[in-house]
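Novice: Okay, predicted coordinates and the sequence, questions at the end:
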Amino acid sequence: MQPRQLAAQILNFALVLSTAFMLWKGLSVVTDSSSPIVVVLSGSMEPAFQRGDLLFLWNRGMDTQVGEIVVYNVRGKDIPIVHRVVRRFGGGDSPLHLLTKGDNNAADDTELYARGQSYLDRSQDVVGSVVGYVPFVGYVTILLSEYPWLKKVMLGFMALTVVMQRE
């Protein structure tokens, strides 16, 4: 392969990656969410959502209601949790605080919250409210995180495909 062809292939691959990154950032701006798409990692929300479902989030409406499904991050940890709002405190002039629970869990989430925290602050802890989902599409993400060698195989295959592609 000629150096010019190799450079074109590398630039093509970089273009694909940068386009995906820009789409992600664009979705983040439109939805006002740091993570506009998340994958359900556990069975705590069954039967509403199964493990591996891909969820679409919206964070523009700050008046979250009881029964709404939200995604939140626990302070100090970077793992999104998908659970339903079971109680709300405050709102209006005072900050909105939420208590959540997984549909498939016996107790509410106070044990999952950060130490000393007994509710979620809507403006700080909640990533977004679920507005749609695609079943099982996120299983690829789960497999890649549970089997790190699979990630290397997939990246190697992608790189090989880009290098071997003829125009």
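Specialist: Perfect, thanks for sending it.
Novice: Every contact and neighbour count from this point should use C-alpha atoms.
Specialist: Noted.
Novice: The longest helix anywhere in the chain - contacts with which helices or strands?
Specialist: Using DSSP state H to define each element, the chain has its longest helix at helix 3-31. Secondary-structure packing of helix 3-31 (3 or more C-alpha pairs under 8 Å, 6 or more residues apart in numbering; DSSP states H and E): helix 148-164.
Novice: which regions of this protein sit below the pLDDT cut-off?
Specialist: 1, 166-167 (pLDDT under 70).
Novice: Pick out the residue closest to the middle of it.
Specialist: With distances taken as C-alpha atoms, centre = their mean, residue 38 lies nearest the centre of the chain, 2.1 Å away.
Novice: Please identify the helix or strand for that residue.
Specialist: Counting by DSSP states H and E, the element that carries residue 38 is strand 37-39.
Novice: just how off-centre is that strand within its chain?
Specialist: A distance of 3 Å separates the centroid of the chain from that of strand 37-39, by C-alpha atoms, centre = their mean, to the nearest Å.
Novice: Give me the contact list for that strand.
Specialist: Applying C-alpha atoms under 8 Å, 6 or more residues apart in numbering, the contact partners of strand 37-39 are 51, 52, 53, 54, 55, 56, 57, 80, 138, 139, 141.
Novice: Just give me the neighbour total for the fourth one.
Specialist: The local packing of residue 54 (other C-alpha atoms under 10 Å) involves 22 other residues.
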